[in-house]
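Chemist: Dropping the sequence and predicted coords here.
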Amino acid sequence: MSKKMMSKIKEMFNKNQNWINKLGWKMISTVVITLTAVVTFVVYAAFTEPTTTPANSDQDFSQNILGADNADNDFSSSIVTANNDGSIIERLEYLSNEISSRVLPIDKFNGSAGDSVDDYAFYTQEKGGVDDYNGGSMPADSYSASWTQCDAGNNYCDTGDSTACSGGICYINNDTGLIWSDYLDSGTNHTWFWANNCYEPGTAENPGTCVAGGDDACQCVKKTSSETGCEALGDGNWKLPYQKELMQAYIDGSWGNLPHARNYFWSATTDSSATQYAWRVFLRDGYVLYVTKTSTYDSRCVRR
């Protein structure tokens, strides 16, 4: 650019400097006034309550953004569980509650003895408590997971298996996600092989005997037709539970939540030190014992 051109531009700028300065200050003033108005409106909306009680966090600014759901701007995580919805604060509150519900103080697992237990006043939760059976009823102050009955209303806990769960006899443990059937065959006792859909020892498919550890016939040779036990239940997606699944069910309150829990139930788990045995679990008081696989006990099934 030539010196002459530069000089012209400088001359024009100097000539209009006052006008440019005035315009700049007007623009700045306009922006400041506008921002002040916006901030004033937002603050008013945030902290001024409507005349009616708000509902579902849809009223003023603080309720929409912060999640207050009543007239005094308190917060509640209930909307998160009810509507899979909620503000950041409500979701944090929900997560905090979930963590607290799973990290239990050690004295919450055993409850206090009821009056059906001898000298029941001696056996309080603070002194170690008693098992869930408690002479016939589960102590009100002992720990239990959340359980839901599987019925037509929830499509049998989303399995669609109306055959196995008709009448609401199945329940889901909401902490583990496992769905439990009622006891099989109206509570008739059967061998471990029957409950686990295996050929019995001494058959063509599983020859020999299951008397001592290491006997070949102690293995489970699965049936593919004429199925029995859990794998014959309902839509065929059930199985005999593992030892630890049954133990967890007891810990989570099977006695107070599952029908016909006052029985020994087969697990699918073999005793590693003596393979002629499998583990059974007493769902009323958590007692676990290994027994010969040819013995007969109740069975109930599990699925996701």
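Modeler: Here it is on my side, so go on.

Chemist: hey, let's count contacts and neighbours off CA atoms from now on
Modeler: OK.

Chemist: Run through the strands of the stretch 201-304 of the chain in chain order.
Modeler: 264-270, 277-282, 288-292, 300-303 (DSSP state E, counting those that start in this stretch).

Chemist: and the shortest one, which residues are buried?
Modeler: By 16 or more other CA atoms under 10 Å, the buried positions in strand 300-303 come out as 300-303.

Chemist: Can you say which of the strands of the stretch 201-304 of the chain is nearest to D158?
Modeler: Minimum separation from D158 across these (CA to CA) falls at strand 300-303, 11.4 Å.

Chemist: quick one on the thing from earlier: got JSON lines for the strands of the stretch 201-304 of the chain, with distance to N257 and mean pLDDT too?
Modeler: Listed next are the strands of the stretch 201-304 of the chain as JSON lines, based on distance: least, CA to CA, whole Å; pLDDT from 0 to 100:
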{"stretch": "strand 264-270", "distance to N257": "16", "mean pLDDT": "98"}
{"stretch": "strand 277-282", "distance to N257": "14", "mean pLDDT": "98"}
{"stretch": "strand 288-292", "distance to N257": "19", "mean pLDDT": "97"}
{"stretch": "strand 300-303", "distance to N257": "14", "mean pLDDT": "98"}
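
Chemist: Now render those as JSON lines, adding distance to D131.
Modeler: JSON lines is the format used below for the strands of the stretch 201-304 of the chain (distance: least, CA to CA, whole Å):
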{"stretch": "strand 264-270", "distance to D131": "16"}
{"stretch": "strand 277-282", "distance to D131": "12"}
{"stretch": "strand 288-292", "distance to D131": "14"}
{"stretch": "strand 300-303", "distance to D131": "22"}
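
Chemist: now for those, which one comes closest to G234?
Modeler: strand 300-303 (10.6 Å).

Chemist: residues in contact with the nearest residue to P241 once chain neighbours are set aside?
Modeler: Spatially, and ignoring its direct neighbours in sequence, P241 is nearest to S267 (5.3 Å; CA to CA, 6 or more residues apart in numbering). Taking CA atoms under 8 Å, 6 or more residues apart in numbering, we find S267 in contact with 240-243, 246, 278-281, 299.

Chemist: low pLDDT regions in the chain?
Modeler: For the chain, the stretches with pLDDT under 70 are 1-29, 31-32, 38-39, 41-91, 99-107.

Chemist: repeat that with 80
Modeler: 1-108 (pLDDT under 80).

Chemist: just the contacts of S267 now: which is nearest S186?
Modeler: Among those, and counting by CA to CA, the member closest to S186 is S299, at 10.0 Å.

Chemist: Break the chain down into its domains, please.
Modeler: 3-102, 108-143, 147-303 (automatic domain parsing).

Chemist: Compute the first-to-last residue distance for the second one.
Modeler: Put plainly, it is domain 108-143. From its first residue to its last, domain 108-143 covers 6 Å (CA to CA, to the nearest Å).
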